[in-house]
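When you get a sec, could you give me coordinates for this:
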Amino acid sequence: MSEVWVGIDVSKEGLDVAVRPGDEAWSVKNDQAGIKVLTRQMKKLFPQRIVLEATGGYEYELALRLGRAGLPVAVVNPRQVRDFARAVGRLAKTDPIDASILAHFATCQRRTAPRRSQQPRSLRSDALQMDSSIHKSLKCFLPPVSNGTQNSTFQN
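Numbers count the residues shown, from 1 in each chain. Just a heads-up that it's a prediction; the model follows:
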């Protein structure tokens, strides 16, 4: 059986799906019922990776459900995908074409595909953990706060 790669273009109203290899494509509504149907279909395909663009929150529920189902989902930066589309000469902009580009992008990311987790984590806990890590990293760049005295680094 060949490796399967999936791209899903997410919008407020719908989810456009493209599968590689081949030209298989379909759409479902971006609601609880559509996400449930799509998750079942993805489990049958057993994809190597499912790629979604970050779309300001419309992708959260889908990414969470796919992750909880043990599927290898990646939410990627839209700018990276746009640059990739430009590089491969696919400049047309429709939802089905975007899904196809996302599936193609997934095939090119094979070496960095994450391993499937034995216990899926929630996106919220991941975000909180990242927020904590970022906060700790930034502490080294911030001047120390003292009790009303100026930091000598900032004195003239």
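
So what sits opposite A18 in the bridge?
A18 has the following beta-bridge partners by DSSP bridges: G7, A25.

Count the residues that sit near it.
A18: 26 surrounding residues under other CB atoms under 10 Å. (C-beta placed from N, C-alpha, C; glycine too.)

Enumerate every residue touching it.
V6, G7, I8, D9, E24, A25, P96, A99, S100, L102, A103 (CB atoms under 8 Å, 6 or more residues apart in numbering).

And it, how far from L71?
16 Å (CB to CB, to the nearest Å).

in the protein, which spans are helices?
Along the chain, the stretches classed as helices by DSSP state H are 32-45, 60-68, 78-87, 95-108, 123-139.

what mean pLDDT does the third one have?
Think helix 78-87. Mean pLDDT, helix 78-87: 89.

quick one: that helix to helix 95-108, angle?
Between the direction of helix 78-87 and that of helix 95-108, the angle (axes from the mean of the first three to the mean of the last three CA atoms, to 10 degrees) works out to 90 degrees.

Contacts for helix 78-87, please.
The list of residues contacting helix 78-87 from outside it, by CB under 8 Å, 6+ apart, reads E53, A54, T55, L91, D98, I101, L102, H104, F105, C108.

hmm, 7 Å instead?
Outside helix 78-87, the residues that touch it by CB atoms under 7 Å, 6 or more residues apart in numbering are E53, A54, L91, I101, L102, F105.
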